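# Sequence and predicted structure, then a few things I'm wondering about:
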Amino acid sequence: MTRILDRIDRPQDLHGLTDEELVQVSQEVREHIIDTVGEIGGHFGANLGTCEIAVALHSLLDSPRDKILWDVGHQAYPHKVLTGRRDQLATIRKYEGLAPFCAITESEHDIMGAGHASTSIGYAVGLKEGMRLKGDIDEGQVVAVIGDGSMTGGVAFEAISQAGGMGTPIVVILNDNGMSISPNVGALSGYFNRVRLNPKLWHARDTVEHRLVELPRIGKAVERLGPQLKESIKSFWAPGLWWEELDWAYMGVVDGHDVHALRAALRQAFKAERPVVVHVATVKGKGFAPAEDGGLEGQETWHAAKPKSISGGVPVKAVPAPAGAAPAAPQYTKVFGDALVAEVRRDRRVAGITAAMNSGTGLNILQKAEPEHYFDVGIAEQQGILFAAGLALEGRKPVAAIYSTFLQRAYDQIVHDVCLQKLNVVFAMDRAGLVGDDGPTHHGVFDIAYLRSLPHIVCAAPRDEPMLQRMLRTALLQDEAPFALRYPRGEGPGSPLLTPDAITPVEIGQGEVLAEGDGRVALVGYGSGVHKALEAAALLAGAGIVATVADARFAKPIDVDLMARLSADHELVVTLEEGVLQGGFGSAVWEALNEAGLDGASGGPATARLLRVGMPDRYVTHGKPALLHEEVGFTGRAVARRVAEVLRVDLSDVLAAELSS
Ligand SMILES: Cc1ncc(C[n+]2csc(CCOP(=O)(O)OP(=O)(O)O)c2C)c(N)n1
Ligand SMILES: CC(=O)[C@@H](O)[C@H](O)COP(=O)(O)O
Ligand SMILES: [Mg+2]
């Protein structure tokens, strides 16, 4: 059957279609996403929830003159399909393919870049007030689509307050499905649930006035009340009171899978001359039974789909690993989650905090094992750190498990509240380094630089799983300082784990030499950089260069004695880190050598040349980590090649042999 979708090459092609045709297009978009994402992998459930919303919006609006903003952007695949990218959807999140979220460099219909939650309303206020400043506030509609989970981000409320105060005529679609990645949390979510799940409240506004006017004796009086007073009486009974109190018009709850109802509500909202929120109820994973009928667990499972996980619209049964295959190394996330449970059981002062990333951080393990010591603040990283600060002031030992990239959201709380007051808070930063498919908004490459400069903080990075266990223990045994721990997304090298009673702390500020060399080059890794150092050393050995390999273990405090010794004993010292070079670990080594008069520049003893290997001064694109590591030169081969150049050694045969092996 030919799809209507096949003739939708631009959003304006939706204009003039009947409601029935729009319903059909919505379903065709849904099936296109199920087939495509089920094959290639990617964000899934949220996209099935916004098919009708995207169709309704683009059928009424003239994008990009009218501006539609998608909060986070993980639910923007229908928008991408309807705005000329239908046939490229299979490239999404792939190297040089469509961006994982909205990107202003990708399409004129992507009005804002995203990836981090809760930003869309803020942009919307700016865009609309920008039109007012240009002298034409009616230049175009501005609509922000934000989920109930993203609504828990404080910055969304900052924008709601500004818009209410200025009377900025924007439209917000609150896409309420009761889910964040895991079930949504907090009082706001509770309020949304009460309203969304109570159909009687869905049309309260319309019926309240009717019933009031029908009342004996006072009915006539109500009839004569001015519209404002009537509105406030209506909103007293109807949901959305707090929106009205903030001078927003509240409309809802609308069925987010009913194109006709959505269009009717949006037509009304577009006419308002004030900020309007349209509260919409959707199902995360709508139209895909394992999610739609799978309850909260099913909807959490299908937040993202793995490659080749769906065929013919149904899940593909996982194929067991062949007998005798080596077990995959445990994900750092699981090692951390298990280690945190062990720490809580060793010291009842310990508690774990997540910001809506329950399973992503491994805190789902703590939630099951020690629920009293588990806290989820929702998408509210700033609150997560303030909450940790409060716990620390109360003598608890909080561990804030927040991805490196999302922790950026709480930078001032780290500076102003934790470090300045020298509070004993542990930052467990998963997804440190290049995360891969999620791309530049999610790569955790700035934390070394953004934390190392803060007084009192300790910055550490384990080279493998047991070292992660030891560093977490170290962080929690000490009472002195804030302690930041970083580790990459995915598997470690598979080193044998330590039993809880065998976990010993490491000396803070002390590095470790893993292999002594012949004095020509020392490769000093930090975290995942240690493995690149070992890979490079193996290649250099093929050319007769025996490299010294060291694990710095700490970026702050730096092991100055070790760095001084390596610098004095070698021609070349190479630092390797999966973080930006500017202000990173290599810079810290450079600074330490300079302060000790050992950098050769200050007339001190002859010292080694310093070569820093790390992330470049640009945003690295999306794609598989191995491809990205190749692109930025963060591989054993690339490092070996650079060392050979400096030492004027010919490595071509070794590299050729390695390639052919
Ligand atoms: C600042 C920030 N914290 C955490 C995340 C991770 N994250 C991505 S989507 C999501 C859930 C969003 O929930 P909601 O807005 O309700 O959208 P839904 O998936 O339910 O459609 C989370 C926590 C993020 N993208 N940004
Ligand atoms: C959209 C978003 O921010 C999350 O879904 C993120 O993509 C999760 O990343 P991980 O897959 O690394 O947990
Ligand atoms: Mg949601």
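Happy to help now that I have it. Ligands and ions are numbered 1, 2, ... in the order given.
# Do any residues in stretch 29-49 lie close to ligand 1?
Yes - with Cβ under 6 Å from any ligand atom as the measure, stretch 29-49 is seen reaching ligand 1 through 46, 49. The way it works is simple: take the backbone N, C-alpha and C, and place the C-beta from them, glycine included.
# Between the two ends of that stretch, how far is it?
11 Å (Cα to Cα, to the nearest Å).
# Quick check: mean pLDDT of that stretch?
Averaged across stretch 29-49, the pLDDT comes to 98.
# what comes up buried for stretch 370-385?
By neighbour count on 16 or more other Cβ atoms under 10 Å, the buried set for stretch 370-385 is 370, 373-385.
# gap between that stretch and the chain center?
Distance of stretch 370-385 from its chain centroid, counting by Cα atoms, centre = their mean, to the nearest Å, is 16 Å.
# Say whether ligand 2 is contacted by it.
No - Stretch 370-385 stays clear of ligand 2 (Cβ under 6 Å from any ligand atom), getting no nearer than 9.4 Å.
# do that stretch and ligand 3 meet at all?
No - using Cβ under 5 Å from the ion, stretch 370-385 never reaches ligand 3; the gap is at least 9.9 Å.
# What residues does the protein have near ligand 3?
Proximity of the chain to ligand 3, by Cβ under 5 Å from the ion, involves residues 147-149, 177, 179.
# let's see 6 Å
Neighbours of ligand 3 within the chain, by Cβ under 6 Å from the ion: 147-149, 177, 179-180, 184.
# Residue 554 contacts residue 458, correct?
Yes - assessed by Cβ atoms under 8 Å, residue 554 is found in contact with residue 458 at 6.9 Å.
# Okay, the residue nearest to residue 281 when sequence neighbours are not counted and residue 254: tell me how far apart.
What sits nearest to residue 281 in space, not counting adjacent residues and going by Cβ to Cβ, 6 or more residues apart in numbering, is residue 196, at 4.7 Å. For residue 196, the distance to residue 254 equals 10 Å [Cβ to Cβ, to the nearest Å].
# Check residue 509 too.
From residue 509 over to residue 254 the distance is 58 Å, taken as Cβ to Cβ.
# the more surrounded of the two?
Using other Cβ atoms under 10 Å as the criterion, residue 509 and residue 254 rank with residue 254 on top: 25 against 16.
# Residue 117 touches residue 150, doesn't it?
Yes - the pair residue 117 and residue 150 qualifies as a contact (Cβ under 8 Å) at a distance of 4.0 Å.
# who does residue 176 bridge with?
residue 281 (DSSP bridges).
# burial of it, as a residue count?
Around residue 176 there are 26 residues (other Cβ under 10 Å).
# Enumerate the residues of the stretch 401-550 of the chain near ligand 1.
Going by Cβ under 6 Å from any ligand atom, the residues of the stretch 401-550 of the chain near ligand 1 are 406, 409.
# domain ranges for the chain?
With domains defined by automatic domain parsing, the chain comprises 19-198+239-301, 199-238, 332-502, 512-660.
# centre of the chain versus the stretch of helix or strand residue 411 belongs to, how much separation?
Here residue 411 is covered by helix 411-412, with elements defined by DSSP states H and E. Relative to its chain's centre, helix 411-412 lies at 17 Å (Cα atoms, centre = their mean).
# Would you mind listing the outside residues contacting that helix?
Residues outside helix 411-412 that contact it (Cβ atoms under 8 Å, 6 or more residues apart in numbering): 382, 450.
# what sits against the closest residue to ligand 3 within the stretch 101-250 of the chain?
For the stretch 101-250 of the chain, the residue closest to ligand 3 is residue 147, as judged by Cβ to the ion, at 3.8 Å. For residue 147, the contacting residues are 46, 71-72, 75, 117, 174-177, 179-180, by Cβ under 8 Å, 6+ apart.
# and it, what are its bridge partners?
Beta-bridge partners for residue 147, by DSSP bridges, are residue 175.
# Contact partners for the residue lying closest to residue 352 once chain neighbours are set aside?
Nearest non-adjacent residue to residue 352, counting by Cβ to Cβ, 6+ apart: residue 366, 4.6 Å away. Going by Cβ under 8 Å, 6+ apart, residue 366 touches 337, 340-341, 344, 352, 373-374.
# three-state assignment of residue 366?
Applying DSSP: H, G, I helix; E, B strand; the rest coil to residue 366 yields a three-state assignment of helix.
# which residues are common contacts for residue 554 and residue 458?
The contact lists of residue 554 and residue 458 share 508-509, where a contact means Cβ under 8 Å, 6+ apart.
# For the contacts of residue 147, which single residue is the most surrounded?
residue 71 (33 neighbours).
# who touches both of residue 196 and residue 254?
Jointly contacting residue 196 and residue 254 under the rule Cβ under 8 Å, 6+ apart are 279, 281.
# A helix includes residue 644, no?
Yes - counting by three-state DSSP, residue 644 falls inside a helix.
# which non-adjacent residue is nearest residue 155?
residue 118 (5.0 Å).
# Give me every residue in the chain lying close to ligand 1.
Residues of the chain lying near ligand 1 (Cβ under 6 Å from any ligand atom): 46, 49, 72, 74-75, 116-117, 147-150, 175, 177, 179-181, 284, 355-356, 379, 381, 406, 409.
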